[in-house]
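J.: how would this look folded up:
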Amino acid sequence: MPDVPLAPLAALEEAQLEWDDTAPQATDYGDVYFSIHDGRAETVHVFLDSNRLSERFRDWRGARPFVIGETGFGTGLNILCAAQRFLATAPAEARLHVISVEKHPMRAADLERALSAWPDLASLAKPLVAQWPAAVLGVHRLWLDERITLDLHFGDAVERLSRLEGGVDAWFLDGFSPSKNPQMWSPELFAAMAGVSRPTATFATFTAAGFVRRGLRAAGFVWRKVPGHGMKREMICGELDEPTAAARAELMGLDASPASGHAPMQEHAVRGALHPLRREQPWTQAPQPAPISRESHVAVLGAGIAGTSCAEALARRGVQVTLIDAEAPGARASGNRQGALYVKLAAETNPASRFQLAALQYSRRWLASLDPEQTLWSASGVLQLATSERERKRQQRFLDNHPLPEALLKPVSASEASRIAGSEIAFDGLFYPVAGWVRPSALCQHLAATPGIRFLQARIEAIQSLEAEESGATGNGAPRWQLQTSDGTSMEVDQLIVAQGEQTHLPEPLAHLPLQPIRGQVSEITVAAEHAALLPALDSVVCAGGYVSPYQRHADGSVTLSFGATFAPRDEDEAVREADHAANVAELRSALPAFVAAWEQARGVRLEDDDWQGRVAWRAASPDKSPLAGPAPDAAQWREDYAAMAFDAKKRVPQSSGAHLPGLWLSTAHGSRGFTTAPLCAELIASRLCGEPLPLERELAEHLHPGRRLIRDIVQRR
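T.: Numbers count the residues shown, from 1 in each chain. Here you go, the predicted structure:
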């Protein structure tokens, strides 16, 4: 199968429905989603019972979650029934992870109407509808329960599954009828399924069509006919055949001997088919550690948003975490009163924009789940103004290239922007309804207080890898990490996540990272309660050359206006400077002259001379402005292994995978968008550590790989 480039950011066509009572029918395919009379019973017979889910759930003792894959999410009935069965039969510590692809998602209102036919599923349907994402291409991670994760992969099924990182234990094949929707039953789809199946994967489907049976067999699945449901006489179910299962075990690093009686040529062909889109160099292959258990001990260095979100993602999964920082959570770059939750997407499709939009959507769902009362954040939306002709043209080029749903982004005129902001605005722009602002320090402190997280205030002077024998480790024999604190004490951990943002504080194995500290100064003005009512309104975050947030309101009735921030690479001055405040005011005056004029009239003083305070902090950025999130590369070994790429960047390297520092992970270089990007990076790392499918397409996970700059430098012979 040829390499398929990432598709542009774009809205998907939503499902077009007709209704019979509460049962929906897809008008484009002329087929029903389920029968109102026996749809539930069909789901149980075809998908749950034929995959033996009750007994498999009951016996599940794995550290990783049990994974279900589905072709065709539809109304979600199959998945909610499986989730209900899981909660009723699985051990209390077990977790379920569901992957479902859908090319034409329903509208949230239609989804809610369809699922209303099953009142006993309401406790699972309610969070599904509440978190339902906009119909845009990509991976959307939701939570149906604290133990059940749902990844919706919106887009073409073959393209989506070919980009999946993870392994599936049981498949639900539930596209519309093969005669009405043959694309959902293609040989390419079955090959993509085999490529992301666990060696013991099973499947079940309502159809027994001959071309479906032949396609599954060609992809490495064996099938058998069993009685169907209702009027359907037959259906099929089955599992991977022995050579395909053995090849999957080998590719996934599992302990399974190759099946006997098969020639090497057949084995090679099977393995080749299992990675239909694999074309990358070995360095992009992340390590596949054995999933950590509840007994594992993970340390996170850094208690800003990157570190606290990593700690929370692991603690949510029942992992014991020690969060370490020399200062209190949210005390440094994450210590401002307010931080914007926003993105700036490129006019042309690129991985950075794809990741940022995914991160914005994820952070919004994460915050809503974490704090539904919005005490730590605000869903105010963000206006991105076109204050110059160059920016206006860039925004228009973006809109021409990326027709996104208005629920995510929409163009607005100056008058519409004024209505949204509650203050007169003279520029057109873009409005992001899902964006907003957060209370950085309060959010970090809230995350650090998650059950399962122990906070240790200490400065780490050194980290050292200990071999398994030296540390007395058991299990898979992986090395452990020893941390040495400034007071001379030490501790050993199974896994270590470094989430510090400043180069000077990175431990020795990571000194090669190309982090750039960027000084930023924020300006703040607090107005007493008796004068707050006189201030001009501001209801949305507004971004141009800088940003300004809606007022933060305090318990005593006072309010604080925060705006900024300066951007000064290689500036080490810790002092708050009047010149930087003047620069912040100039940016605000340029973007919102009417707001500034109304403020000065209400206050009777120029904004530059008001009773302002400032705060200085350093964000860490990478050269390409995307975060570094993933396994830590062994820099010295990479320079040796990939030296030949300096002469031929496309040269295939014989190593099976890039050398990494076992058990060492990174989440850093989030720059000025950490509250947008850090939570999804945390979920990415937690998913790798816990043996879960990833919350991003393979290419986007690779785009974040901390070793990408090493390869670039080798190619350029630096």
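J.: where along the stretch 501-650 of the chain do the helices fall?
T.: Assigned by DSSP state H, counting those that start in this stretch, the stretch 501-650 of the chain shows helices spanning 529-532, 578-591, 593-603, 635-641.
J.: hmm, who's touching the second one?
T.: Counting by Cβ atoms under 8 Å, 6 or more residues apart in numbering, the neighbours of helix 578-591 from elsewhere in the structure are 385, 387, 427, 521-523, 542, 544-546, 548, 563-566, 595-596, 607-608, 612, 614. Placement of C-beta: from N, CA and C, glycine included.
J.: next, the angle from that helix to helix 593-603.
T.: On the basis of axes from the mean of the first three to the mean of the last three Cα atoms, to 10 degrees, helix 578-591 is oriented at 120 degrees to helix 593-603.
J.: restricted to buried residues, select the contacts of helix 578-591 in ChimeraX.
T.: Typed into ChimeraX, the line below selects the buried ones among these, using 16 or more other Cβ atoms under 10 Å:
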select :385,387,427,521,522,523,542,544,545,546,548,563,564,565,566,595,596,607,612,614
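J.: nearest to residue 49, out of the helices of the stretch 501-650 of the chain?
T.: Among the helices of the stretch 501-650 of the chain, helix 635-641 comes nearest to residue 49, with 49.3 Å by Cβ to Cβ.
J.: show me what that closest one is packed up against.
T.: helix 708-715 (3 or more Cβ pairs under 8 Å, 6 or more residues apart in numbering; DSSP states H and E).
J.: quick one: average pLDDT of the helix it packs on?
T.: In this model, helix 708-715 has an average pLDDT of 86.
J.: again with stretch 93-100
T.: 97.
J.: now it: buried residues?
T.: Counting neighbours by 16+ other Cβ under 10 Å, stretch 93-100 gives 94, 95, 96, 97, 98, 99, 100 as buried.
J.: would you confirm that the fifth one contacts residue 82?
T.: Pointing back at residue 98 there. Yes - between residue 98 and residue 82 a contact is recorded at 7.1 Å, counting by Cβ atoms under 8 Å.
J.: what touches both of those two?
T.: Residues touching both residue 98 and residue 82 (Cβ under 8 Å, 6+ apart) are residue 68.
J.: so how far is residue 680 from the closest residue to residue 342 other than its chain neighbours?
T.: Among residues not flanking residue 342 along the chain, residue 382 sits closest, at 4.4 Å (Cβ to Cβ, 6 or more residues apart in numbering). Using Cβ to Cβ, to the nearest Å, residue 382 is found at 17 Å from residue 680.
J.: and for residue 404?
T.: Applying Cβ to Cβ, the value for residue 404 to residue 680 is 18 Å.
J.: neighbour count winner among those two?
T.: More crowded of residue 404 and residue 680, by other Cβ atoms under 10 Å: residue 680, with 27 against 22.
J.: what separation do you get for that one and residue 356?
T.: According to Cβ to Cβ, residue 680 and residue 356 sit 9 Å apart.
J.: what touches both of these two?
T.: With contacts defined as Cβ under 8 Å, 6+ apart, no residue is adjacent to both residue 680 and residue 356.
J.: can you pull out the helices in the stretch 101-250 of the chain?
T.: Using DSSP H, counting those that start in this stretch, the helices of the stretch 101-250 of the chain run over residues 108-115, 122-131, 157-162, 187-195, 210-219, 242-251.
J.: of the buried residues of stretch 93-100, which belong to strands?
T.: Among the buried residues of stretch 93-100, the members falling in strands are 96, 97, 98, 99, 100 (criterion: DSSP state E).
J.: what pairs with the first one across the strands?
T.: Looking back up the chat, that one is residue 96. In this entry, residue 96 is beta-bridged to residue 66, residue 148, by DSSP bridges.
J.: and the gap between it and residue 663?
T.: Using Cβ to Cβ, residue 96 is found at 26 Å from residue 663.
J.: check the fourth one too.
T.: Applying Cβ to Cβ, one obtains 27 Å for the distance of residue 99 from residue 663.
J.: same thing with the second one?
T.: When Cβ to Cβ is the yardstick, residue 97 and residue 663 sit 23 Å from each other.
J.: OK, contacts around residue 71?
T.: Neighbouring residues of residue 71 by Cβ under 8 Å, 6+ apart: 100, 101, 157, 171, 172, 173, 174, 175, 184, 189, 193.
J.: how about residue 380?
T.: 435, 436, 437, 539, 540, 541, 549, 550.
J.: which strand or helix spans it?
T.: Here residue 380 is covered by no helix or strand, with elements defined by DSSP states H and E.
J.: which residue packs closest to it, ignoring adjacent ones?
T.: That would be residue 436: by Cβ to Cβ, 6+ apart, it lies 4.5 Å from residue 380.
J.: beta partners of the one you found?
T.: Listed by DSSP bridges, the beta-bridge partners for residue 436 are residue 341.
J.: what number of residues lie near it?
T.: Neighbour count for residue 436, taken as other Cβ under 10 Å: 25.
J.: same thing with residue 107?
T.: Residues near residue 107, counting by other Cβ under 10 Å, number 13.
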